[in-house]
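A.B. asks: build me a model:
(one chain, ligands or ions: 1)
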Amino acid sequence: MTGPVVPPPDPIGLPAPPGLLQGLLVFTFFLHVLPLAMTVGGAVITLASEVAGRQGHGHHQRLARELAAVLPASVAYTITFGVAPLLFVQVLYGVFFFTSSIILGWLWFLMIPAMIVAYYGLYLVAWFRERVGRAAPLVLAVAGLLILYVAAMHAKNQVLMAHPEWWPGRYFGPAAGPTPVLPVLPRLAHAFFGLLGLAGLAVSLYGHRVWRADREYGRWVARSGLAWVLGAAAAQIVVAPWYWLTLPAPIQSRVLAGGLGGGLLLAAPLLAALGVGLLALAAAAMKPGPAIAAGVAMVGATAALVGLRDLVRQLALLPHLPAGAWALALQVGPAVMFAVVLLAGLALVGYLLARVAGELRAPPVPPPAPVSGTAGRAPGPGPAPPAQAG
Ligand code: HEM
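C.D. replies: Alright, predicted model coming up:
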């Protein structure tokens, strides 16, 4: 490769200090990750509960119904919270992100129909369960695969944008070929099990909440969520080092050299392990205190990983975007307007979340009724499937 592949960043300059924009990118991406966990991991847990429920496990049936009711909202939040990091990534890394998106081409465009079809599928299962009937697991599986496709394309784009040196040889030169799978697969697997663990955490916390009204079911849900967390954590023991090993050696040494990168690399597994331990304690004793502390620790681990992820990208792009390459053309008016709109938007989202939580707040659990043939009912009033240990 001769000469630079990437043109300099936008000569007009950034409208706000780069540090501020990077902070906002990390923060808004973190906000994207929280509902994303429910979308990706929640879809998997719902599908598994749906399948187990078909075999007559009453608790699984009920959990599948309750989780399915949340999924359309979680997809809506995932998509809405994707917009802000998309803006910041374009402002900061436009030359990289646009190029890698163009190289992905149709694979990237296909995300939009994939999201729409998945969204419809989840609505079908949540709102028209009766009509979907026995096809519910199939619809959930298709929706889950489409969501996974979207996640895979995001991961592929992230890998590609951080390696401009691959662009000419692989895509425009004689050695044209697909993006190497190796760095994408562990990155996706690492994200997948992380999101699954967070969804398991959400399920377990939900169990603690339900426990106040329904001891047996609440305990079962809390432990079932914990089982997902433990499974995801066990997978991460293999997947996380695998992902680490695919990072270029200079990036590894920069992170290991200490400072912020080293701190985040240490904090993430420690917080995650602390969270898992506390969650197990909470599920054993059904105590809300350790459950909340577990939630804080695991969300803290996620924040550390989100920060580390951004740092790794900065290090990867350093040869193409040396420090100080961004020019600043401060636009105070738009920056203030953005801050005001951001705060108003966050307040609105908070209000909407409170409304959604209110809507989903379990109405007093209907007493179990020995009714046969109720599988496939829409959530709502009426006899619930018989409650039994799953
Ligand atoms: C069901 C829908 C979605 C799924 C499953 C999904 C999944 C993901 C995943 C797994 C990542 C991390 C990729 C990685 O670092 O390897 C990611 C990043 C990202 N997502 Fe989404 N996403 C969805 C929807 C959206 C939408 C609709 C937008 C934009 C409107 C969006 C914007 C972003 C952005 C900008 C990033 C990267 C942020 C950065 O560069 O730091 N996502 N998404």
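
A.B. asks: which positions in this protein make contact with the ligand?
C.D. replies: Taking C-beta under 6 Å from any ligand atom, the part of the chain that reaches the ligand is made up of 25, 29, 32, 36, 39-40, 75, 78-79, 82-83, 85-86, 89, 115, 147, 150-151, 154-155, 158, 187, 191, 309. For every residue, glycine as well, the C-beta is placed using N, CA and C.

A.B. asks: quick check: which element contains the residue in the chain positioned nearest to the ligand?
C.D. replies: Nearest residue of the chain to the ligand, counting by C-beta to the nearest ligand atom: residue 82, 2.3 Å away. When secondary structure is defined by DSSP states H and E, residue 82 falls within helix 58-104.

A.B. asks: got the CA coordinates for whichever helix or strand comes after that helix in CSV?
C.D. replies: Scanning forward in sequence from helix 58-104 by DSSP H and E, the next helix or strand is helix 106-109. This file holds the C-alpha atoms of helix 106-109, laid out as CSV (Å, rounded to 0.1, in the frame of the first residue of the first chain):
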residue,chain,number,x,y,z
TRP,A,106,-26.1,-4.4,0.4
LEU,A,107,-25.2,-6.3,3.5
TRP,A,108,-25.5,-3.0,5.3
PHE,A,109,-28.7,-1.8,3.6
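
A.B. asks: helices or strands next to helix 106-109 in the packing?
C.D. replies: helix 136-161 (3 or more C-beta pairs under 8 Å, 6 or more residues apart in numbering; DSSP states H and E).

A.B. asks: hmm, back to that, neighbours of the residue of the chain closest to the ligand, how many?
C.D. replies: Using other C-beta atoms under 10 Å, the number of residues around residue 82 comes to 18.

A.B. asks: ok, now which ones touch it?
C.D. replies: By C-beta atoms under 8 Å, 6 or more residues apart in numbering, the contact set of residue 82 is residue 32.

A.B. asks: check residue 200 too.
C.D. replies: Residues touching residue 200, when contacts are defined by C-beta under 8 Å, 6+ apart, comprise 41, 45, 225, 226, 227, 228, 229, 230, 231, 232.

A.B. asks: let's see 6 Å
C.D. replies: With contacts taken as C-beta atoms under 6 Å, 6 or more residues apart in numbering, residue 200 has the following neighbours: 225, 228, 229.

A.B. asks: what's the answer for residue 157, then?
C.D. replies: The contact partners of residue 157, taken as C-beta under 6 Å, 6+ apart, are 100, 104.
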